[in-house]
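Q: I need the structure of the sequence given here:
(one chain, ligands or ions: 3)
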Amino acid sequence: MAPRFYFIKELGDNGKVIMAERTVDTKTLVIKYGGTSVGSAEAIQQVIAQVQLAREEWKQVVVVLSAMSGVTDLLLTAASAAAEGDEETPRSTASALMERHDSTIKGLLSSKAEREITRDRVAAHVNEFSSLAPAVYVLGEASPRALDAISSLGERMVVHLVAARLRELGCVATTVLSSELIRTDAQFQAANPDMDVTRTLTRDILVPLLDDGVVPVVTGFMGATDDGAITTLGRGGSDYSAAILAVAVDADEAWICTDVDGVMTTDPRIASNARTLPTIAYREIAELASAGAKVVHPKAISPVLEHGIKLSIRNTFNPDGPNTHVLTDSDTGNQGAKAVTVVKAHSLLALEGRGMLGVQGIAARTFEVTARTNASVTLIKQTSSEQSICFAVPQSVAQRVIEELEREFRHEFKWKHIDRVRVQHDIVIVTVVGAGMRNTPGIAGKVFGALGKRGLNVVAIAQGSSECSISLVVAAAEADDSVRAIHELIVDSHLEDEYE
Ligand code: ADP
Ligand code: ASP
Ligand code: MG
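A: Numbering: from 1, shown residues only. Ligands and ions are numbered 1, 2, ... in the order given. The predicted structure follows:
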């Protein structure tokens, strides 16, 4: 075992010294693979090859996995179906889950013994699903807690496949449940980690494995509360799991490996000429991720960068291709607009009324309502005349917010201070991001020009508080065209320099 030394990690409140231990010369890499990267036997072979390569260069490698692509959706759909009194969908889902993992096991593993053990382990999780679904059916309700127990099963299944294949190839690998490592609060479906407890658990469980040269294959997405209830970190949350574990093990680097060449100028599914951004600033990627670019989970970025851990986004299927390094804000250049993204399925709500002028506290009460209804507000716009407050929320919660607003402001409606809540469904929010935009005059003008030229109508606009983004509301039917129009501007303006 390599020698250890201790260093002062940080000074806690009241100056208490918090010590941390590290193995001398240890280089630790956390690699996270997303759903498509583990979506088939062929994809998993790519993952395995990369982990083996990484093992040659890095002393310690932690692998964090998402469920096979589509599996989390399947689990959640089956849980909702059970809650609505459908017994058949959970049954067919159990068979589909077993069949999908089993055929992957057959394509992936060559030893009969590993195949059988892995199949049994997956079957145990499928059985767990088959006993949870009837409970949801009987209750007629899928509580957030039940949904977390169910939706985390995909991660719990796939880790066995990857660890088994690594072992077949002579690498000492073991599965680790992140519920043993990541301690969270009880906010099911969007749980928050307790980093102090998580660090201790990780030091007790994960670090000894790493010191012994074992590759831990850890479930992404899930954690557990103090009393052992399974939680999840929110959809797409495996990136966040990787970030939490990278911090907890004091990793040197974290790689988010996905199915595209890093962070691109836009979603390549919308514009096929999207290009990889070789570097992106912390602030830019944070803004992009929160504005809908699914490529990284918004919560995954700050923990990693705040701890000085290098972060990159790579393509599992094109490991030698272009990728993106995330830089601290001070490292970034002064480029204008860098990327454009879109978040779909939103509604725009506006509280309107001449009588609103000067009435105290309307904005505060409006956003108390959205907080109470658990609706995340994606965009806010207030006119200077104070005669309306306009904001966007996901369409799925819009009706609930409207009803609550009508209740909250019932007196103002009666006294005609507020005339109505105006709603526009089927809108999307297109966001242009770039830290250099605030020093580049005329970007908003160019963006509107590009949209106007194609007859695309902007319903509302808002500038991000960091001045590193501009968001536009457009109709859902014009979403992709609007993104493509703005993307052309970005690609044109950078064609000669960085992307060549
Ligand atoms: P994973 O399963 O690996 O976590 P996700 O599906 O969550 O992958 O995220 C990757 C997807 O993000 C890509 O396939 C791409 O369609 C989408 N995406 C959206 N915006 C961007 C962008 N600006 N750059 C790269 N990918 C993007
Ligand atoms: N499997 C989870 C999801 O689909 C977590 C993830 O993919 O990051 O949301
Ligand atoms: Mg993802």
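Q: And Ile230, how far from Thr200?
A: Here the criterion is C-beta to C-beta, to the nearest Å. By it, Ile230 lies 20 Å from Thr200. Backbone N, C-alpha and C define where each C-beta goes, glycine included.
Q: Let's see the strand or helix carrying Arg199 as CSV, backbone CA atoms only.
A: Assessed by DSSP states H and E, Arg199 sits inside helix 195-211. The C-alpha trace of helix 195-211 is given here as CSV (Å, rounded to 0.1, in the frame of the first residue of the first chain):
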residue,chain,number,x,y,z
MET,A,195,-21.0,16.7,1.8
ASP,A,196,-19.5,16.2,5.2
VAL,A,197,-21.2,12.8,5.8
THR,A,198,-20.6,11.9,2.1
ARG,A,199,-16.9,12.5,2.5
THR,A,200,-16.7,10.4,5.6
LEU,A,201,-18.6,7.5,4.0
THR,A,202,-16.5,7.8,0.8
ARG,A,203,-13.3,7.7,2.8
ASP,A,204,-14.5,4.7,4.7
ILE,A,205,-15.8,2.7,1.7
LEU,A,206,-14.4,3.9,-1.6
VAL,A,207,-10.9,5.1,-0.7
PRO,A,208,-9.8,1.7,0.7
LEU,A,209,-10.9,0.0,-2.5
LEU,A,210,-8.9,2.5,-4.5
ASP,A,211,-5.9,2.1,-2.4
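Q: With neighbour numbers in mind, choose between Ile230 and Thr200.
A: Set Ile230 next to Thr200 and count neighbours by other C-beta atoms under 10 Å: Ile230 wins out with 23 against 14.
Q: Identify the bridge partners of that one.
A: Beta-bridge pairing of Ile230 under DSSP bridges involves Ala224.
Q: just checking, it touches Asp148?
A: Yes: contact between Ile230 and Asp148 holds when scored by C-beta atoms under 8 Å: they sit 5.2 Å apart.
Q: Pull up the overlap in contacts between these two.
A: Met222 (C-beta atoms under 8 Å, 6 or more residues apart in numbering).
Q: I'd like to know which elements the strand or helix carrying Val342 is packed against.
A: Take DSSP H and E as the rule and Val342 turns out to sit in strand 339-352. The contact analysis (3 or more C-beta pairs under 8 Å, 6 or more residues apart in numbering; DSSP states H and E) places strand 339-352 against helix 282-290, strand 388-394, helix 395-408, strand 420-433, helix 479-494.
Q: Which residues outside the helix or strand just after that strand are in contact with it?
A: Past strand 339-352, further along toward the C-terminus, the next helix or strand under DSSP H and E is helix 362-372. Residues outside helix 362-372 that contact it (C-beta under 8 Å, 6+ apart): 351, 356, 376-377, 382, 389, 391, 393, 401, 404-405, 408-409, 412, 418.
Q: Let's see that with 10 Å instead.
A: Contact with helix 362-372 is made by 349, 351, 353, 356, 359, 361, 375-377, 380, 382, 386, 389, 391, 393, 397, 400-409, 412, 417-418, 421, as judged by C-beta atoms under 10 Å, 6 or more residues apart in numbering.
Q: backbone phi and psi for the closest residue to Gly154 other than its chain neighbours, please?
A: Spatial nearest neighbour of Gly154, chain neighbours left out: Ala67 (2.5 Å); criterion: C-beta to C-beta, 6 or more residues apart in numbering. In terms of degrees, to the nearest 10, the main-chain angles of Ala67 are phi -70, psi 160.
Q: residues touching Ala67, list them.
A: 34-35, 38-39, 73-75, 97, 151-159, 219-221, 238.
Q: repeat that with 8 Å
A: Here Ala67 is in contact with 35, 38, 153-155, 157-158, 221 (C-beta under 8 Å, 6+ apart).
Q: go on, Ala149?
A: Counted by C-beta under 8 Å, 6+ apart, Ala149 has contacts 132, 229-230.
Q: Could you rerun that using 10 Å?
A: So Ala149 contacts 75, 79, 128-129, 132, 135-136, 143, 188, 222, 229-232 (C-beta under 10 Å, 6+ apart).
Q: Likewise for Asp259?
A: 33-37, 39, 43, 69, 268, 295, 315-318.
Q: Roughly how far does it sit from Val136?
A: Note on Asp259: its distance to Val136, by C-beta to C-beta, is 31 Å.
Q: first vs last residue of stretch 229-237, how far apart are they?
A: Chord length of stretch 229-237, first to last residue, is 17 Å (C-alpha to C-alpha, to the nearest Å).
Q: Just the buried residues of it, please?
A: 229-234, 236-237 (16 or more other C-beta atoms under 10 Å).
Q: Could you dump the residues you listed into CSV with pLDDT added?
A: Below are the buried residues of stretch 229-237 laid out as CSV (pLDDT from 0 to 100):
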residue, pLDDT
Ala229, 98
Ile230, 98
Thr231, 98
Thr232, 98
Leu233, 98
Gly234, 96
Gly236, 97
Gly237, 98
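Q: Closest to ligand 1 out of those?
A: For those, the minimum distance to ligand 1 (C-beta to the nearest ligand atom) is 5.1 Å, reached by Gly236.
Q: so that closest one, which of the three states?
A: Three-state call for Gly236 (DSSP: H, G, I helix; E, B strand; the rest coil): coil.
Q: Check the gap between it and Leu53 for me.
A: From Gly236 to Leu53 the distance is 26 Å (C-beta to C-beta).
Q: got a list of what the nearest residue to Glu406 once chain neighbours are set aside touches?
A: If the residues on either side of it in the chain are set aside, Glu406 comes closest to Val421, at 6.6 Å by C-beta to C-beta, 6+ apart. For Val421, the contact set (C-beta under 10 Å, 6+ apart) comprises 349-353, 366, 401-403, 405-406, 409, 413.
Q: ditto for Ile486
A: Contacts of Ile486 (C-beta under 10 Å, 6+ apart): 265-266, 271, 337, 339-342, 430-432, 446-448, 450-451, 456, 470, 472.
Q: how far away is it from ligand 2?
A: 27 Å (C-beta to the nearest ligand atom, to the nearest Å).
Q: ok, so what distance separates that residue from ligand 3?
A: From Ile486 over to ligand 3 the distance is 23 Å, taken as C-beta to the ion, to the nearest Å.
Q: before we move on, what about Phe188?
A: Counting by C-beta to the ion, the gap from Phe188 to ligand 3 is 20 Å.
Q: Verify the stated contact: Thr202 with Leu245.
A: Yes: with contact defined as C-beta atoms under 10 Å, Thr202 and Leu245 form a contacting pair (6.6 Å).
Q: Now do the shared contacts for the two.
A: Residues touching both Thr202 and Leu245 (C-beta under 10 Å, 6+ apart): 62, 176, 178, 181-182, 218.
Q: Now tabulate these in a markdown table and tack on neighbour count and secondary structure.
A: A markdown table is the format used below for these (neighbours: other C-beta atoms under 10 Å; DSSP: H, G, I helix; E, B strand; the rest coil):
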| residue | neighbour count | secondary structure |
| --- | --- | --- |
| Val62 | 26 | strand |
| Val176 | 22 | strand |
| Ser178 | 33 | helix |
| Leu181 | 29 | coil |
| Ile182 | 29 | coil |
| Val218 | 29 | strand |
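Q: Since that was my last question, I'll sign off now.
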